[in-house]
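Trainee: Have a look; sequence and predicted model below, questions after that.
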Amino acid sequence: MQTLYSRPLTLRGLELKNRIFMAPMCQYSARDGMPGAWHLRHYVERAIGGVALVVIEATAVSPEGRISPADLGLWSDEHRDAFAPLVAAIHEAGAKVAVQLAHAGRKASTAVPWLGKGLVPEADGGWEVIGPSAARFDDSYPMPREMGPGDIERVELAFAAAARRAVEAGFDAVELHAAHGYLVHQFLSPLSNRRADGYGGSLEGRSRLLREIAPAVRGVLPDSMPLLARVSATDWIEGGWDVEECSATLNAVKAAGVDFVDVSSGGLSPAAKMPVGPGYQVGLASRVRAATGLPTGAVGLLTTPEQIEQALVTGSADAVSLGRLLLRDPYWPARQLPAEARTPPAQYLRAFA
Ligand SMILES: Cc1cc2nc3c(=O)[nH]c(=O)nc-3n(C[C@H](O)[C@H](O)[C@H](O)COP(=O)(O)O)c2cc1C
């Protein structure tokens, strides 16, 4: 059967062999931000499994931007040099690769999920946490220090420097993490941004950080390289950030060279009431795509070929990202793709004939 998910997709100069992406998923397995043996095995296996684009997990642009002490980072040239062989190995396995650049803001310095919850104190390897306002995520999380103009400028420079290193390491694309209640989303949402200066208040003020980061990052990318953004399209809280504000902001950054938006949701506050179920964010992707005209990704509990195909043929999205399904089953795409669209490495040809 002809399927849309098996058809190629071009973003700027990047040709993707199908429309199935690997969603970014923190592995909490880095030492001092460096990728290691786990990352090599984890990402290369999913690349062999047939996704067109591997999106490497949230990778911090500065040490204090890590969610946990075990997050990946790209804040030095040593990190760049450690990523280069991982990028080359993913290419060798037949996929393209993006890195999700991130700053955790008030959700930084927290425990690796399977080791605990909430704040990691400085004595245990934690650090001072910054955010748009002195308002914490919940009682178990650190209280952030409100960022001054110098902090904001440093973060913007760090995003651009990390993007430059991503280019030098051989990545095919860069994704800005503006979702899930991390720093950029903290600025965007009126629930976490209580600033009285030019980076708060109106939508224009709250979106200023993203509107400044996007062109700064675009400025260090080659023209042919796409810039992706991941957003939470809603906080799922009355009076919070919503699809309308999200779409208006994306329309503003489109001109700055954002080429693709991956539409997720939530993560800003534990008070959110998320209607989680099969394909629960596809409707959000559809609304963002209609309002912005941007090539759009859908994600969230997409687990069957029928669901994926439906998200694409109905015009809700141009691509899908798969998360937990690929953790359970790295070769799922290779099995679902029609024979002519399967691209196993030569070593595995006999298994996928
Ligand atoms: C272990 C794990 C780690 C995650 N880490 C990230 C991350 O680094 N960046 C991000 O944007 N989303 C992250 N997510 C969210 C996923 O990218 C995805 O949006 C979510 O799991 C829903 O898709 P799924 O139902 O296909 O898993 C993570 C999810 C999981 C399960």
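Mentor: Cool, got the structure.

Trainee: Of all residues in the chain, which one is closest to the ligand?
Mentor: Going by Cβ to the nearest ligand atom, the ligand is nearest to Gly323 of the chain, at 2.5 Å. From N, CA and C alone the C-beta is placed, and that goes for glycine too.

Trainee: and that residue, how many neighbours?
Mentor: 18 (other Cβ atoms under 10 Å).

Trainee: Now do the phi/psi pair for it.
Mentor: In terms of degrees, to the nearest 10, the main-chain angles of Gly323 are phi -110, psi -90.

Trainee: Test my guess that it contacts Ala23.
Mentor: Yes - using Cβ atoms under 8 Å, Gly323 is in contact with Ala23, at 3.8 Å.

Trainee: Now the common contact residues for those two.
Mentor: Common neighbours of Gly323 and Ala23, counting by Cβ atoms under 8 Å, 6 or more residues apart in numbering, are Val299.

Trainee: list the contacts for Glu78?
Mentor: Counted by Cβ under 8 Å, 6+ apart, Glu78 has contacts Met34.

Trainee: SS state for it?
Mentor: helix (DSSP: H, G, I helix; E, B strand; the rest coil).

Trainee: Run a quick neighbour tally on Met34.
Mentor: 15.

Trainee: typed the wrong thing, it's Arg335
Mentor: Residues within reach of Arg335, counting by other Cβ under 10 Å, total 12.

Trainee: and the host helix or strand of Glu156, what's its mean pLDDT?
Mentor: Element membership of Glu156 [criterion: DSSP states H and E] is helix 149-169. For helix 149-169, the mean per-residue pLDDT is 98.

Trainee: how about that helix: buried residues?
Mentor: 152, 154-156, 158-167, 169 (16 or more other Cβ atoms under 10 Å).

Trainee: repeat for stretch 333-353
Mentor: 333-334, 336-337, 341-344.

Trainee: Go through these and flag which are in helices.
Mentor: With DSSP state H as the criterion, helices contain 333-334, 336 from among the buried residues of stretch 333-353.

Trainee: For Asp151, which residues are in contact?
Mentor: By Cβ under 8 Å, 6+ apart, Asp151 lies in contact with Ile130.

Trainee: The stretch 151-300 of the chain against the ligand: which residues are in contact?
Mentor: By Cβ under 6 Å from any ligand atom, the part of the stretch 151-300 of the chain that sits against the ligand consists of 177, 179-180, 230, 264, 299-300.

Trainee: what would those look like in JSON lines with secondary structure?
Mentor: As requested, those are exported to JSON lines (three-state DSSP):
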{"residue": "His177", "secondary structure": "strand"}
{"residue": "Ala179", "secondary structure": "coil"}
{"residue": "His180", "secondary structure": "coil"}
{"residue": "Arg230", "secondary structure": "strand"}
{"residue": "Ser264", "secondary structure": "strand"}
{"residue": "Val299", "secondary structure": "strand"}
{"residue": "Gly300", "secondary structure": "coil"}
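
Trainee: Using ChimeraX, define a selection of the buried residues within those.
Mentor: Listed next is the ChimeraX selection for buried residues among those, using 16+ other Cβ under 10 Å:
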select :177,179,180,230,264,299,300
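
Trainee: And for stretch 42-50, what's in contact with it?
Mentor: Outside stretch 42-50, the residues touching it (Cβ under 8 Å, 6+ apart) are 18, 20, 22, 27, 54, 56, 86, 89-90, 93-95, 97, 326, 330-334, 337, 342-345, 348.
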